[in-house]
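Engineer: show me how the following folds:
(one chain, ligands or ions: 1)
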Amino acid sequence: MANVDETSPFMRALRGERSAIPPLWLMRQAGRYLPEYRELRAKAGGFLEFCYTPALAAEATLQPIRRFGFDAAILFSDILVIPDALGQRVRFVEGEGPRLDAVTDPAALASLTGDPSRLDAVLETAARVRGSLGPETAVIGFCGAPWTVASYMIAGKGTPDQAPIRLTAYRDADFLQAMIDRVIEASARYLVGQIDAGVDAVQIFESFGGALPPALFERWSFEPIMRLVRHVKHERPRARVIVFARGVGDRLTQFAAADGIDAIGLDWSIDPAWAAETLQPRRTVQGNLDPLALIAGGDALDAAVARIRGAFGEGPHIFNLGHGILPETPLAHVERLVARVRAPGNG
Ligand SMILES: Cc1c2[nH]c(c1CCC(=O)O)Cc1[nH]c(c(CCC(=O)O)c1C)Cc1[nH]c(c(CCC(=O)O)c1C)Cc1[nH]c(c(C)c1CCC(=O)O)C2
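Structural biologist: Just a heads-up that it's a prediction; the model follows:
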């Protein structure tokens, strides 16, 4: 296994050190905007089978590194492998997204008899990827935050404003707590497994934290994430943890003040000047180019990159998008982004 170089820009950033050129990776960098991904995907059968076939998943993980030389590779998997491992039926319907057999009451939750060994294939992928990459490239593992994962478990699909889980939080908090507890336990074991298999950092995706009213945020987003972080740090104190909580606005200050989180992911709605002043003095920041600026390209892209580099240039920063890259993104624009981020000065 070629261990990561602890002095690489990505690992240094996670320790709170600034680099003249920020390290760079893109959320959802393995995916449909890459022709080589679409070719591999066509051979793979179902999406979960793809995630659970280490040779194919490792190849998908490595594709964007070969093409763009990003500073980190994110494991090819999905946040919904956790419900799958808990025993809930999960499938991905072409053109529609994920579909699960919704779990809406305590009896259905109790009847889930999971098989955590389903995730062994993902851990095998992590080990293969770490073994295939040189020390200059870090490997990032991940899972969904408990609230985000539970929102899919309860609704059985993605929903515009997460109404089903929000309603559950009001009507049946005990049931939701029991579900969140199970997700935390499974996710913690999974992240520790990824770390033991060789990943250099883990990212927790809270895609739907922004749907929570302030009075519910602490209990259902912040505290479950912190329980997960504390569990991982207790078992593997040297693990590096990134939290990406989308749409939560100035509640990011809570994450920046919390022990155990090494970097704060910023979505594209966050003002870089605000984040540089408020968050970056305490924590490494990661982000936050609008994925649509990357689709637009040209001067709009250059200006957006320069603004982000300018705002975060004096402190620890990992350059990234403010949400996942979209399938229609032109490859030439990604090449331009890489050149701009790696140009001396502010690009
Ligand atoms: C909410 C969420 C999901 N998955 C994920 C999130 C959190 C981040 C976010 O907010 O976007 C995270 C995710 N999904 C995937 C990765 C792995 C690799 C990477 O980031 O490059 C990661 C980190 C692969 C994937 N996960 C999925 C694909 C596309 C499936 C395909 O190729 O057919 C990939 C590459 C499928 C997926 N998975 C999910 C949805 C809603 C969908 C369907 C919509 C879509 O296609 O983008 C759930």
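
Engineer: G260 touches V241, doesn't it?
Structural biologist: Yes. Counting by Cβ atoms under 8 Å, V241 is a contact partner of G260 at 6.3 Å. For every residue, glycine as well, the C-beta is placed using N, CA and C.

Engineer: any shared contact partners between the two?
Structural biologist: Counting by Cβ atoms under 8 Å, 6 or more residues apart in numbering, the common neighbours of G260 and V241 are 229, 232-233.

Engineer: ok, back up a step: more neighbours: G260 and V241, which one.
Structural biologist: V241 (21 against 17; other Cβ atoms under 10 Å).

Engineer: surely the more buried one meets D262?
Structural biologist: Yes. If you go by Cβ under 8 Å, V241 and D262 touch, sitting 5.4 Å apart.

Engineer: now list whatever residues contact both of the two.
Structural biologist: In contact with both V241 and D262: A201, using Cβ under 8 Å, 6+ apart.

Engineer: in the chain, which spans are strands?
Structural biologist: 72-74, 90-93, 97-100, 138-144, 201-206, 241-245, 263-265, 284-289, 317-321 (DSSP state E).

Engineer: could I get those strands in CSV, plus columns for distance to the ligand and mean pLDDT?
Structural biologist: Output for the strands of the chain, formatted as CSV (distance: least, Cβ to the nearest ligand atom, whole Å; pLDDT from 0 to 100):
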stretch, distance to the ligand, mean pLDDT
strand 72-74, 4, 98
strand 90-93, 6, 95
strand 97-100, 4, 97
strand 138-144, 5, 98
strand 201-206, 4, 98
strand 241-245, 8, 98
strand 263-265, 10, 98
strand 284-289, 13, 98
strand 317-321, 10, 98
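
Engineer: between those, which one is nearest to R41?
Structural biologist: Evaluated over these, closeness to R41 peaks at strand 90-93, with 10.9 Å, by Cβ to Cβ.

Engineer: partners of that closest one, with directions?
Structural biologist: strand 97-100 (antiparallel) (DSSP bridges).

Engineer: longest helix of the protein?
Structural biologist: Across the chain, the longest stretch assigned as helix under DSSP state H is helix 173-197.

Engineer: any residue of that helix touching the ligand?
Structural biologist: No. With Cβ under 6 Å from any ligand atom as the criterion, the ligand is not reached by helix 173-197; the gap is at least 12.2 Å.

Engineer: what helices or strands is that helix leaning on?
Structural biologist: Packing partners of helix 173-197 (3 or more Cβ pairs under 8 Å, 6 or more residues apart in numbering; DSSP states H and E): helix 81-86, helix 106-110, helix 120-132, strand 138-144, helix 146-155, helix 163-171, strand 201-206, helix 223-235.

Engineer: which strands and helices sit next to the fifth one?
Structural biologist: Which is helix 146-155. So helix 146-155, by 3+ Cβ pairs under 8 Å, 6+ apart, packs with helix 81-86, strand 97-100, helix 163-171, helix 173-197, strand 201-206, helix 223-235.

Engineer: chain center to it, what's the gap?
Structural biologist: Put simply, helix 146-155 sits 16 Å off its chain's centre (Cα atoms, centre = their mean, to the nearest Å).

Engineer: quick one: that helix to helix 163-171, angle?
Structural biologist: Put simply, helix 146-155 runs at 100 degrees to helix 163-171, going by axes from the mean of the first three to the mean of the last three Cα atoms, to 10 degrees.

Engineer: up against the ligand, what does the protein have?
Structural biologist: Residues of the chain lying near the ligand (Cβ under 6 Å from any ligand atom): 27-32, 41, 47, 74, 76-80, 92, 97-98, 142, 158, 205, 207, 324.
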